[in-house]
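J.: Quick one: sequence plus predicted model below, questions after.
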Amino acid sequence: GDSVTQMEGPVTLSEEAFLTINCTYTATGYPSLFWYVQYPGEGLQLLLKATKADDKGSNKGFEATYRKETTSFHLEKGSVQVSDSAVYFCALSEANSKLTFGKGITLSVRP
Amino acid sequence: GAVVSQHPSRVICKSGTSVKIECRSLDFQATTMFWYRQFPKQSLMLMATSNEGSKATYEQGVEKDKFLINHASLTLSTLTVTSAHPEDSSFYICSAPRQGVGNEQFFGPGTRLTVL
């Protein structure tokens, strides 16, 4: 079955540091890939997505590229801010709209 | 953006009682909603797909008689945890895909259930 593996957390960075959160997936077909973010006390929000190989999703300074050859969708940001502190989930969806999530990783950014 | 609400946000109940959790899409209609369960430091696990006007579709291993789902209208789905036990304590989250927005799913803030 489908699965998503995220790097273990939590991650603590200083403001303006570079961020990489690894995500790899296993899927039977050709899934769409997502990054969701959950800020404290709020529901999950879509951060970015990519629907086919080599697509790059980007939003709020975050980027992730759909790499079919390495089955990866790593999240990056060049300079994190305190307001980026949240839990980040990598997810995939096949044609039926069902989402399969990774475990999530907590990011804390220090001023 | 689209908003999905859940009620209650937190509930504590005694073992053996039933608890109802509501999921509402506030500014769009949703013929389908999804219910997830999240254990501490674990990923969201899809429990079931709630379908307006028909029976819910349950994922393998989820007891349909334990977790009753009713999609009462195009904006409301309810999850009832029947005869709750401490092992049912968890964080329950619903989501609803909005057509016309690439079927993007919008998530509720979650309900923390604690069964004593």
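T.: Arrived safely, thanks for sending. Numbers count the residues shown, from 1 in each chain, chains lettered A, B, ... in the order given.
J.: Alongside chain B, which residues does chain A contribute?
T.: Within chain A, the residues that sit near chain B (CB under 8 Å from any CB of the partner chain) are A:4, A:36, A:41-46, A:49, A:89, A:97-104. Yep, even glycine has a C-beta here, placed from its N, CA and C like the rest.
J.: Just the buried ones from those?
T.: A:4, A:36, A:43-44, A:46, A:49, A:89, A:99-104 (16 or more other CB atoms under 10 Å in any protein chain shown).
J.: Looking at those residues, which has the smallest pLDDT value?
T.: Minimum pLDDT for these is recorded at A:G43 (78).
J.: Surely it is within a strand?
T.: No: under the criterion used here (DSSP: H, G, I helix; E, B strand; the rest coil), A:G43 is coil, not part of a strand.
J.: For it, give me its contacts.
T.: Going by CB atoms under 8 Å, 6 or more residues apart in numbering or on different chains, A:G43 touches B:4, B:93, B:106-110.
J.: Of these, which belong to strands?
T.: B:4, B:93, B:106-107 (DSSP state E).
J.: what's the farthest-apart pair in those residues?
T.: Greatest spatial distance among those (CB to CB): B:I93 and B:F106, at 11.3 Å.
J.: phi, psi of the most centrally placed residue in chain B?
T.: Chain B has B:W35 as the residue nearest its centroid, 3.7 Å off, counting by CA atoms, centre = their mean. Main-chain torsions, B:W35, degrees, to the nearest 10: phi -120, psi 130.
J.: What pairs with the helix or strand bottoming out on mean pLDDT in chain B, parallel or antiparallel?
T.: None of the helices or strands of chain B scores lower by mean pLDDT, DSSP states H and E than strand B:105-107, at a mean of 88. As defined by DSSP bridges, the strand partners of strand B:105-107 come to strand B:90-97 (antiparallel).
J.: what about stretch B:16-35 and chain A, any contact?
T.: Yes: for stretch B:16-35, a contact with chain A is found by CB under 8 Å from any CB, at B:32, B:34.
J.: chain center to that stretch: distance?
T.: Relative to its chain's centre, stretch B:16-35 lies at 5 Å (CA atoms, centre = their mean, to the nearest Å).
J.: in that stretch, what's buried?
T.: For stretch B:16-35, by 16+ other CB under 10 Å, it's B:19, B:21-25, B:28, B:30, B:32-35.
J.: That one spans what distance, first to last residue?
T.: Length of stretch B:16-35, first residue to last, CA to CA, to the nearest Å: 22 Å.
J.: pLDDT of it, averaged?
T.: Confidence over stretch B:16-35 (mean pLDDT, whole number) is 94.
J.: repeat for stretch A:20-35
T.: Taken as a whole, stretch A:20-35 has a mean pLDDT of 93.
J.: so how far is B:F67 from the nearest residue to A:T106 once chain neighbours are set aside?
T.: Closest residue in space to A:T106, ignoring its immediate chain neighbours: A:P10 at 4.0 Å, by CB to CB, 6 or more residues apart in numbering or on different chains. Counting by CB to CB, to the nearest Å, the gap from A:P10 to B:F67 is 31 Å.
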